[in-house]
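# fold the following.
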Amino acid sequence: MNSDRTITYITREIERALGADPVGNYYVVAGKTPYGEKLAAQFPGHIQLIDGDTTLGTRDLIEQAYAARMIPPNTDTIVFKNTSRVEEAATKAGLTLLNPKASLSEMVENKMTQIEWLGDLGKKYLPPHTITPTKKLSWNGEPFVLQWAHGHTGGGTILVNSEAQLTSLQEKFPNRMARRSLYIHGSSYTVNAIVAPNKILMGSVSYQITGMEPFTDGVFTTVGNDWSISHDLLSDTELEYVQTMVRDIGTKLTASGWRGLYGVDLIRDDERGTIHLIEINARQPASTTFESFLQKENRLQGVAGLTTFEAHIKALLGESIEEEIIPVNDGAQIIQRVTKTVNSISNDAITALESAGYNVIPYPNTEYNTDLLRIQGARGIMERHGVFNERGKEIVTMMTKKH
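A predicted model of the protein is given here:
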């Protein structure tokens, strides 16, 4: 990273900080994992790992790193996602946190306050929706999408398929506010974008791999991104509409005081030929690191510009940006999550994937729906919406290898 200021990225999962190599004046503090230990050996003196009986959250990492004097003096600090608890810990530790205010992130991501914040943009881009206590919802014979105020990677989103299912939810959460939206059939996409002081920058549109077995049990759960097929699935007119949507949201964020990365998830309605906003991630999206890796590979081939992560750092530092983001048109990553039937990955499977040329990142998670294994490759793995190509099928086969 080309900055004169010292930056320390504090994160539970080290992969989130690796959009740039930890060298020079860029440092990383993360939870201790075998993958982290391998990287710490690769970048000595620039990665500090903190051991814990359980996976430590960002607030705990800040507190322990500060107590152990692991954080370089006079450093600017970045986290993956700011929260009020993280903000409080950073203040107590005397750290300068570059991330936008947690209160703004909460307002944008909360499915209820988001409606008011979006204003006319919500009417323009969101699917038809209503907000009401769960007990007041009624079944009209058609499936619909129910969302709670909070959730990520599809965890706060429920497809209600029957009156019995709705009744069960009403009995469990009668007074919880819910957002009811039209159920849309179609392909989903992600765009990583950056609000800089002088402009809004956008990464390339990636196809969002969602709800595919054996990687998840959840129909709405995101398990990866593929940059190779977006231009096959979306027309030029649709891609322009996506860019307009992302820019409109970025303009709204700019007016609210946002800086740095945000992510926009959207869906194409295959029945009506329309595109709708699904979600705004007011934080660094999880696909940022691998997108930045692919961009660095393209830079080696002579493509000029910044990586998504580089632009994020510049924006957080308040620097104006003249360059554009390096485009990406190939590559994919997919994540095996903890499911009802999968809670570990065999060493044979990991070895097979690495031997086939994939970058493999294991996670020590055990909680349902959390990341278990991240698999990354320079080529796409999707043939079309919801269908793996031969590389994707190869990954599924290798994932089932047993000792």
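
# A90 contacts T77, correct?
Yes - A90 is within contact range of T77, at 6.2 Å (criterion: CB atoms under 8 Å). C-beta: built from backbone N, CA, C; applies to glycine.

# need the residues touching each of the two.
Taking CB atoms under 8 Å, 6 or more residues apart in numbering as the criterion, A90 and T77 both touch L97.

# ok, N225 to E142 distance?
Look at N225 and E142: by CB to CB, to the nearest Å, they are 30 Å apart.

# residues touching the closest residue to A378 other than its chain neighbours, list them.
Excluding its sequence neighbours, the residue lying closest to A378 (CB to CB, 6 or more residues apart in numbering) is G331, at 5.3 Å. When contacts are counted by CB under 8 Å, 6+ apart, G331 is found next to 226-228, 290, 294, 376-380.

# out of the residues you listed, which is nearest to P100?
Using CB to CB, F290 comes nearest to P100 of the contacts of G331, at 23.0 Å.

# residues touching the closest one, list them.
F290 neighbours (CB under 8 Å, 6+ apart): 225, 331, 333, 376.

# so which strand or helix has it?
helix 288-300 (DSSP states H and E).

# do H312 as well
Going by DSSP H and E, H312 is part of helix 308-316.

# what is the distance between that helix and the centre of its chain?
Between the centre of helix 308-316 and the centre of its chain there are 16 Å (CA atoms, centre = their mean, to the nearest Å).

# more neighbours, N225 and E142?
When N225 and E142 are compared for neighbours, N225 comes out ahead with 29 against 9, by other CB atoms under 10 Å.

# I'd say the more buried one and I335 touch.
No - using CB under 8 Å as the test, N225 is too far from I335 to be in contact (9.6 Å).

# could you name every residue contacting both of the two?
If you check N225 and I335 against CB under 8 Å, 6+ apart, no residue is contacted by both.

# what packs against the longest strand seen in the chain?
Counting residues, the longest strand in the chain under DSSP state E turns out to be strand 260-269. Secondary-structure packing of strand 260-269 (3 or more CB pairs under 8 Å, 6 or more residues apart in numbering; DSSP states H and E): strand 188-195, helix 236-256, strand 274-281, helix 308-316.

# can you redo the ones you listed as JSON lines with mean pLDDT, distance to L137 and mean neighbour count?
Formatted as JSON lines, those follow (pLDDT from 0 to 100; distance: least, CB to CB, whole Å; neighbours: other CB atoms under 10 Å):
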{"stretch": "strand 188-195", "mean pLDDT": "98", "distance to L137": "24", "mean neighbour count": "26"}
{"stretch": "helix 236-256", "mean pLDDT": "98", "distance to L137": "28", "mean neighbour count": "16"}
{"stretch": "strand 274-281", "mean pLDDT": "95", "distance to L137": "20", "mean neighbour count": "21"}
{"stretch": "helix 308-316", "mean pLDDT": "98", "distance to L137": "39", "mean neighbour count": "26"}
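
# tell me which of the ones you listed sits nearest to E322.
Checked against CB to CB, the stretch from those lying closest is helix 308-316, at 10.2 Å.

# any low-confidence regions in the stretch 201-350 of the chain?
In the predicted model of the stretch 201-350 of the chain, no residue satisfies pLDDT under 70.

# one step back: make JSON lines from the helices and strands packed on strand 260-269 and add distance to L98 to it.
Output for the helices and strands packed on strand 260-269, formatted as JSON lines (distance: least, CB to CB, whole Å):
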{"stretch": "strand 188-195", "distance to L98": "13"}
{"stretch": "helix 236-256", "distance to L98": "16"}
{"stretch": "strand 274-281", "distance to L98": "17"}
{"stretch": "helix 308-316", "distance to L98": "4"}
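
# closest to R179 out of those?
Across the helices and strands packed on strand 260-269 (criterion: CB to CB), the nearest stretch is strand 274-281, sitting at 11.2 Å.

# the inter-axis angle of the closest one versus strand 188-195?
Put simply, strand 274-281 runs at 50 degrees to strand 188-195, going by axes from the mean of the first three to the mean of the last three CA atoms, to 10 degrees.

# contacts for strand 274-281?
Contacts of strand 274-281 (CB under 8 Å, 6+ apart): 108-109, 114, 122, 125-127, 152, 184, 188, 238, 241-242, 245, 249, 262-269.

# which of these count as buried?
With neighbours counted using 16 or more other CB atoms under 10 Å, the contacts of strand 274-281 contain these buried positions: 108-109, 114, 125-127, 152, 184, 188, 238, 241-242, 245, 249, 262-268.

# which stretches in this protein count as helices?
34-42, 58-67, 84-92, 102-109, 113-118, 120-125, 163-172, 230-233, 236-256, 288-300, 308-316, 347-355, 390-399 (DSSP state H).
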